[in-house]
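Undergrad: Pasting the sequence and the predicted coordinates here, then a few questions.
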Amino acid sequence: MLNHIGTQNMNKVSVCIFSVFVLLVCGCATRTKPDAPASGASLVLLDAQLLAKAKERAADGDPAAAAAVAELRRDADAAMTAGPFTVVNKTKLPPSGDRHDYRSLAIYWWPNPDTPDGLPYVNRDGERNPEADQYDGPQLHGMASGAHTLALAHYFTGDARYAERAALLLRTFFLDEATRMNPNLNFAQGVPGRSNGTPTGIIESVGLATRVVDAALLLQGAKAWSDADDRGLRQWFRDYLTWMETSKPGRLEKVTRNNHAMYYDVQTAAFALYLGDEAHARAILENSARRKVDRQVRADGSQPEELRRTKSFDYSVYNLQAMFALAVMGKRLGVDLWGYQGPEGQGIPKALDCLLPYLDRAKPWPSKQIKRIDPPAALHPFLRQAVVVFGDTRYQSPLERSVKPPKGDRMELLYPL
């Protein structure tokens with residue numbers, strides 16, 4: 001996040017990055033004839049083995065898994081009536097005049113109180129301008145969240161209704177000529193009176209990497225998702241990845257020095273994996289991602305670029321989420337980013353270690369933080385992932401001191417202990 005964040009606010013971002021791994025398991029009969037769920041063997045950020053383990057636990061009547069299943073089913077039922085989402089219905093057209101071009105407002109920029117027309121907008125870091133809701137951001141995020149939840153629901157229940165709705169969301173947003181989004185973010189995070197779009201806007205497509213590609217993979221084999229749909233979506237992502245890596249906004253975003261650069265790698269690596277280009281994804285993780293860990297994490301684990309922000313704890317957590325996502329993809333490809341140490345001993349575990357003292361609520365966060373925080377709850381997903389995904393038992397004790405999510409939270413299915 002910068003003068004913005006990829007989602008509409010920090011809470012949504014946290015949900016966005018960790019809900020990537022959510023799953024639904026149910027032993028009840030569905031109201032329609034079930035499809036045969038896809039195998040889930042080749043996913044991007046979801047872990048097929050953990051999905052299978054959680055599914056087995058739910059089938060065996062595990063209370064925590066059952067509660068999480070019930071909650072996720074409720075979410076999926078709600079998603080059945082949300083959308084479909086599209087970028088073409090906005091009232092504020094992009095400078096291109098093409099409704100299919102995505103357009104958004106940099107969310108931390110506000111009308112200038114010192115000028116009659118409010119231009120140029122001025123920055124109020126950490127304070128979200130609700131005017132952003134008039135643009136395309138809510139459409140993209142609604143589609144990504146809905147498709148992900150519905151695809152998971154279909155995967156674990158076999159209920160064809162969920163696959164049909166997920167497929168509708170994806171086709172409407174990416175494939176149908178009348179409603180599809182063009183594969184670029186040329187006009188993302190514009191600042192009225194200053195810029196029609198900024199490179200930082202590329203972070204707004206993080207949900208495509210953390211939710212949409214796995215949703216599409218989970219739909220493979222469903223009757224509602226045809227081979228033509230699959231080919232069309234892959235071509236959209238091929239075009240978007242090309243735009244990210246060759247356009248001026250993409251080239252500039254890649255070399256920023258904070259979470260934007262880290263999430264650029266999350267996106268490009270995830271899209272390459274979705275497209276089956278493991279060599280390209282591996283090169284990103286072995287080279288670019290490691291350099292960014294070196295640059296953004298100090299020897300003591302602090303993240304200086306994030307500490308500059310008005311919500312420095314939130315941004316430290318947000319950037320750590322990106323590093324965890326890169327490590328997950330690295331684990332799949334045999335690139336050990338979790339164990340990687342830079343020339344000063346910096347690394348992803350060090351970045352987590354730097355935050356652990358604040359599991360003690362009595363210990364104040366020393367940097368600027370204009371919004372309330374709850375570190376014991378915020379750090380629980382990281383600690384659980386460190387133990388379950390990366391097998392790092394050093395974090396078992398801190399995990400026990402963190403605040404577990406409420407009953408029914410998807411984390412219970414995401415990282416079965």
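TA: Arrived safely, thanks for sending.
Undergrad: Now do the same contact list for the residue of the chain positioned farthest from its centre.
TA: Residue farthest from the centre of the chain, counting by CA atoms, centre = their mean, is P116 at 38.6 Å. Taking CB atoms under 8 Å, 6 or more residues apart in numbering, we find P116 in contact with no residue. All C-beta atoms are positioned from the backbone trio N, CA, C, and that covers glycine.
Undergrad: Could you say which helix or strand holds it?
TA: Taking DSSP states H and E as the definition, P116 sits outside all helices and strands.
Undergrad: Got phi/psi on it?
TA: Note on P116: backbone dihedrals following degrees, to the nearest 10 are phi -60, psi -40.
Undergrad: From G190, how far off is it?
TA: Separation of P116 from G190 (CB to CB, to the nearest Å) stands at 21 Å.
Undergrad: Specify the next element, helix or strand, located C-terminal of the worst-scoring helix or strand of the chain on mean pLDDT.
TA: Taking mean pLDDT, DSSP states H and E as the measure, helix 10-18 is the helix or strand of the chain with the lowest mean score, a mean of 41. On the C-terminal side of helix 10-18, the closest following helix or strand by DSSP H and E is helix 48-59.
Undergrad: Output that following helix as PDB - backbone C-alpha positions only.
TA: Extracted C-alpha coordinates of helix 48-59, given in PDB (Å, rounded to 0.1, in the frame of the first residue of the first chain):
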ATOM      1  CA  ALA A  48      -3.900 -29.100  -1.800                       C
ATOM      2  CA  GLN A  49      -2.600 -31.300   0.900                       C
ATOM      3  CA  LEU A  50      -3.900 -29.100   3.600                       C
ATOM      4  CA  LEU A  51      -7.300 -28.900   1.900                       C
ATOM      5  CA  ALA A  52      -7.400 -32.700   1.800                       C
ATOM      6  CA  LYS A  53      -6.400 -32.900   5.500                       C
ATOM      7  CA  ALA A  54      -9.100 -30.400   6.500                       C
ATOM      8  CA  LYS A  55     -11.700 -32.200   4.400                       C
ATOM      9  CA  GLU A  56     -10.900 -35.500   6.100                       C
ATOM     10  CA  ARG A  57     -11.200 -33.900   9.500                       C
ATOM     11  CA  ALA A  58     -14.600 -32.400   8.700                       C
ATOM     12  CA  ALA A  59     -15.800 -35.800   7.400                       C
END
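Undergrad: For it, enumerate the helices and strands it packs against.
TA: Counting contacts by 3 or more CB pairs under 8 Å, 6 or more residues apart in numbering; DSSP states H and E, helix 48-59 is packed against helix 63-79, helix 137-157, helix 411-414.
Undergrad: Mean confidence (pLDDT) on the helix or strand following the longest one, please.
TA: Using DSSP H and E, the helix or strand that follows helix 137-157 towards the C-terminus is helix 160-170. pLDDT averaged over helix 160-170 equals 97, rounded to a whole number.
Undergrad: Specify the angle between helix 160-170 and helix 137-157 in degrees.
TA: 150 degrees (axes from the mean of the first three to the mean of the last three CA atoms, to 10 degrees).
Undergrad: in the stretch 101-250 of the chain, which spans are strands?
TA: Secondary structure of the stretch 101-250 of the chain by DSSP state E, counting those that start in this stretch: the strands cover 103-105, 109-110, 122-123, 187-190.
Undergrad: what residues does the first one touch?
TA: Counting by CB under 8 Å, 6+ apart, strand 103-105 makes contact with 87, 90, 92-94, 129, 131-132, 134-137, 187-192, 197, 201, 204, all of which sit outside it.
Undergrad: partners of it, with directions?
TA: strand 187-190 (parallel) (DSSP bridges).
Undergrad: And for D136, nearest residue in space, chain neighbours not counted?
TA: V87 (4.5 Å; CB to CB, 6 or more residues apart in numbering).
Undergrad: dump the residue contacts of that neighbour.
TA: V87 neighbours (CB under 8 Å, 6+ apart): 99-103, 136, 139-140, 173, 179, 181.
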